[in-house]
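In: Here is my input; please provide its structure:
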Amino acid sequence: MDVKTQRRIAAKILKVGVNRVKIDPDSVDDVALAITREDVRRHIDDGDIKKRRVQGVSRGRARAVAKQKKRGQRIGPGSRKGPKYSRLPSKSRWISKIRVQRKFLQQLRDEGYIDTINYRKLYLQAKGGLFRSVRYLRTYIVENGLAKKRLPEL
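Out: Numbers count the residues shown, from 1 in each chain. Predicted coordinates:
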């Protein structure tokens with residue numbers, strides 16, 4: 001049966017597009033006999049004609065990607081935009097590096113591994129950027145014999 005007209009009328013009544021009008025397959029014959037708007041309205045009230053829900057966009061893939069990013073994946077060279085120092089500024093990198101080195105030096109001084117004179121020298125060398133990491137700083141102290149006693153393992 002052709003229900004094109006009834007579909008159009010129902011779309012107007014339901015205030016949706018023609019494609020969102022759903023006609024019950026079992027009652028297509030009854031709906032085809034509906035001529036007036038009143039007849040179509042009666043079929044809507046009976047539940048023979050309904051409007052479909054709006055098709056949403058699934059968030060499933062987005063959730064999966066978010067989960068991977070949380071685990072630290074998807075950060076390879078193909079995902080990076082911008083230069084190295086715009087992703088993590090040089091200043092932030094320096095701050096985190098120097099704080100760790102200074103904390104390590106303070107710990108060595110307080111626990112008596114180095115004296116205050118050597119502490120001051122090493123502090124200024126760290127400030128000047130001589131040591132690239134705490135491991136390198138420790139190696140430097142050992143090689144130059146600045147420690148009073150054997151240094152603890154990192």
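In: so is the most centrally placed residue in the chain in a helix, a strand, or just coil?
Out: Nearest to the geometric centre of the chain sits Ala66, at 4.8 Å (Cα atoms, centre = their mean). Following DSSP: H, G, I helix; E, B strand; the rest coil, Ala66 is assigned to helix.
In: how much space between it and Asn144?
Out: 49 Å (Cβ to Cβ, to the nearest Å). Yep, even glycine has a C-beta here, placed from its N, CA and C like the rest.
In: Give me the three-state assignment for Lys50.
Out: strand.
In: neighbouring contacts of the lowest-mean-pLDDT helix or strand in the chain?
Out: The weakest-scoring helix or strand in the chain, judged by mean pLDDT, DSSP states H and E, is helix 84-87 (a mean of 89). Here helix 84-87 makes contact (Cβ atoms under 8 Å, 6 or more residues apart in numbering) with 80, 93.
In: Likewise for stretch 2-9?
Out: 18, 21, 23, 28, 31-32, 34, 37, 40, 43, 49.
In: ranges for the helices of this protein?
Out: Residue ranges of the helices in the chain, as given by DSSP state H, are 4-14, 28-32, 37-46, 60-70, 84-87, 90-110, 116-127, 134-143.
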